[in-house]
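Student: could you look at this predicted model? Sequence included:
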Amino acid sequence: FFILRAINPTDRWGGQVGFPGGRRQGDESDEETVCREVQEEVGINLRRSAALLGRLNDLQLKGKQGQALVVCCLVYHLTGPVQYTLDPKEVGACGWAPVSHFMQKGAVVWHAFEAPVALPALRAFGKVTGLT
């Protein structure tokens, strides 16, 4: 499940394709953060409609101001049909892609985007998707 981030001149990720996500608030766990962000951005309640399969390796980065930035990715399996409602301030569109596409050779790449370092990305839909 991918989103097209809403275009916003103050958001460095605006207009990019990626997964729903965002920043941790307070003492939230990573799972609580993911569930909240997915609910806010696309209206899917992961606790009711999905099962947590696991966690991919964290990615340690530095933000624009040099602060530590940890990107984590939790993987869920939907347990039934879902309805989604996009927050137009954060998401311009969304769509599904089969996992099998990303298992093909050359689907996972490292791309520099605007960052000084290359980041993992997925080649899909004729373009490279952001921080995924």
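Tutor: Looks like it arrived, so ask away.
Student: quick one: residues contacting the most centrally placed residue in the chain.
Tutor: Residue closest to the average C-alpha location in the chain (C-alpha atoms, centre = their mean): residue 19, at 2.2 Å. Under the criterion of C-beta atoms under 8 Å, 6 or more residues apart in numbering, the contact list for residue 19 reads 1-3, 73, 132. To be clear about C-beta, it is placed using only N, CA and C from the backbone, and glycine gets the same treatment.
Student: again with residue 24
Tutor: For residue 24, the contact set (C-beta under 8 Å, 6+ apart) comprises 30, 33.
Student: and it, how close does it get to residue 81?
Tutor: As judged by C-beta to C-beta, to the nearest Å, residue 24 and residue 81 stand 29 Å apart.
Student: show me what the longest helix anywhere in the chain packs onto, helices and strands only.
Tutor: Of all segments of type helix in the chain, defined using DSSP state H, the longest is helix 30-42. Applying 3 or more C-beta pairs under 8 Å, 6 or more residues apart in numbering; DSSP states H and E, one finds that helix 30-42 contacts helix 46-49, strand 74-78, strand 91-95.
Student: residue 50 and residue 75 touch, don't they?
Tutor: No - counting by C-beta atoms under 8 Å, residue 50 sits too far from residue 75 to count as a contact (9.8 Å).
Student: between these two, which is the more surrounded one?
Tutor: residue 50 (19 against 12; other C-beta atoms under 10 Å).
Student: low-confidence ranges in the chain?
Tutor: 63, 106-132 (pLDDT under 70).
Student: which parts of it are strands?
Tutor: For the chain, the strands identified by DSSP state E occupy 2-5, 17-18, 50-55, 59-62, 68-71, 74-78, 91-95, 108-111, 119-124, 127-128, in order along the chain.
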